[in-house]
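K.L.:
pasted the sequence and its predicted model underneath.
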Amino acid sequence: MKNSKTSRRLAIFLVIAVTLSLLGAIALAITTSGCAVTKSIPAPAMTREPSSGTTGTSPQSQTTSPSPSQTTTPRQTSETTTSTLPSLDISKKTRKTTPTTTIKRTKPKTTENKQTDPLTTARPVSLSAPGAVAITFDDGPGKYTGQLLDALKEYGIKVTFFVQGQFVESRPDLIQRMHAEGHQIGNHTYSHKFLSQVSSDVRRSQLMSTSDAIERITGSRPTIMRPPGGYGSEAVYVEAGKQGMATIFWDIDPADWKKSNKNVNYVYNYLLSHTHKGKIILLHDIHETTVKRFIRALLVLIEHGFTFATIAELVQLEPGDVYPARWRR
């Protein structure tokens, strides 16, 4: 009896042990599969990171495996895409600058027509060379004027110089050369005073002393003057007339005195896009950039059939006249 009871107990114990071992195995299997599930969850999250962080990346960068070493690859591709943007911008800039000559060669007629209507209505009938362009240089003579005269002589072009009396006296050789080579010399006051803002005595002296200095070198007095800064008034025009001069302004002003040093091609581009027959252009020969770019533009303008004249050749004027007439307000 004792043996049978003992064997029963052993059998029950074995059943319980087997059952517990099975339950343990099942629990272990569940735990293992759970870890596999949690490990597989970050994979989609890691693939979303690069796709959301890089816009416009290739499909290869979006299908990369979820390993950390490969997730850096899309970021590198995004950096390369952004680094290529400046090169695209540079190519656009070169596209704008390279065809400038062709654009400028076709622009003079279109751009200038915008200015022609109001200006031609103000021009007197005495325009003697309507097909020519009058190039004028203010404020000199300066240290670059000799270089300008060399180019003008080489191409047979005559221009008008509005000179300051103080520089006439300090550079008489350049004044003599202007006169000898057929350029017209105009009065631009002695020391660049704004004539409408000074007394009548100062106004008279500024003009008179400059004309005297020019006459001492060339043997003749100027018949035209230009008020510095365009500061004219009836009192200015009357005083100029008393001294035997007409007052000359301009049609086209590139403002080279403040822009040419910032952009070396500014004067060149402006002249090719704005020069038009019958117009007076204002430049300054005291700026090296202006002189060099004008010489370069001059060759292109000559190729396009433009002719050039002095103010005296362009229009017939009397002392006291104002030209262009629209300046007389």
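P.N.:
It's in. Numbers count the residues shown, from 1 in each chain.
K.L.:
what about the nearest residue to Y190 once chain neighbours are set aside, how many residues nearby?
P.N.:
In space, and not counting its chain neighbours, Y190 is closest to G165: 3.5 Å by Cβ to Cβ, 6 or more residues apart in numbering. The way it works is simple: take the backbone N, C-alpha and C, and place the C-beta from them, glycine included. When neighbours are counted by other Cβ atoms under 10 Å, G165 registers 23.
K.L.:
likewise for Q197?
P.N.:
12.
K.L.:
name the nearest residue to it, ignoring sequence neighbours.
P.N.:
Nearest to Q197 is Y231, by Cβ to Cβ, 6+ apart, at 6.3 Å.
K.L.:
that neighbour reaches F194, doesn't it?
P.N.:
Yes. Here Y231 reaches F194: they are 4.1 Å apart, a contact under Cβ atoms under 8 Å.
K.L.:
okay, those two: which has more neighbours?
P.N.:
Shown here are Y231 and F194; by other Cβ under 10 Å, F194 has more neighbours (16 against 13).
K.L.:
thought the more buried one was touching G232?
P.N.:
No. Contact criterion Cβ under 8 Å: F194 and G232 do not qualify, at 9.6 Å.
K.L.:
buried residues in stretch 229-248?
P.N.:
Applying a neighbour-count criterion of 16 or more other Cβ atoms under 10 Å, the buried positions in stretch 229-248 are G232, V236, Y237, E239, A240, G241, Q243, M245, A246, T247, I248.
K.L.:
mind exporting the C-alpha coordinates of that stretch to CSV?
P.N.:
Listed next in CSV are the C-alpha coordinates belonging to stretch 229-248 (Å, rounded to 0.1, in the frame of the first residue of the first chain):
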residue,chain,number,x,y,z
GLY,A,229,25.0,119.8,-60.8
GLY,A,230,22.4,121.1,-63.3
TYR,A,231,21.6,124.0,-60.9
GLY,A,232,20.3,126.5,-63.3
SER,A,233,17.9,129.5,-63.0
GLU,A,234,16.9,132.5,-65.0
ALA,A,235,19.6,134.5,-63.2
VAL,A,236,22.2,131.9,-64.3
TYR,A,237,21.0,131.9,-67.9
VAL,A,238,21.0,135.7,-68.1
GLU,A,239,24.5,136.0,-66.7
ALA,A,240,25.7,133.4,-69.2
GLY,A,241,24.1,135.3,-72.0
LYS,A,242,25.8,138.5,-70.9
GLN,A,243,29.1,136.7,-71.1
GLY,A,244,28.3,135.4,-74.6
MET,A,245,27.4,131.9,-73.7
ALA,A,246,24.4,129.6,-74.1
THR,A,247,23.6,127.2,-71.3
ILE,A,248,23.8,123.5,-72.1
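K.L.:
show me where pLDDT drops low in the stretch 51-200 of the chain?
P.N.:
Applying pLDDT under 70 to the stretch 51-200 of the chain picks out residues 51-127.
K.L.:
let's go with 50 and repeat that
P.N.:
51-125 (pLDDT under 50).
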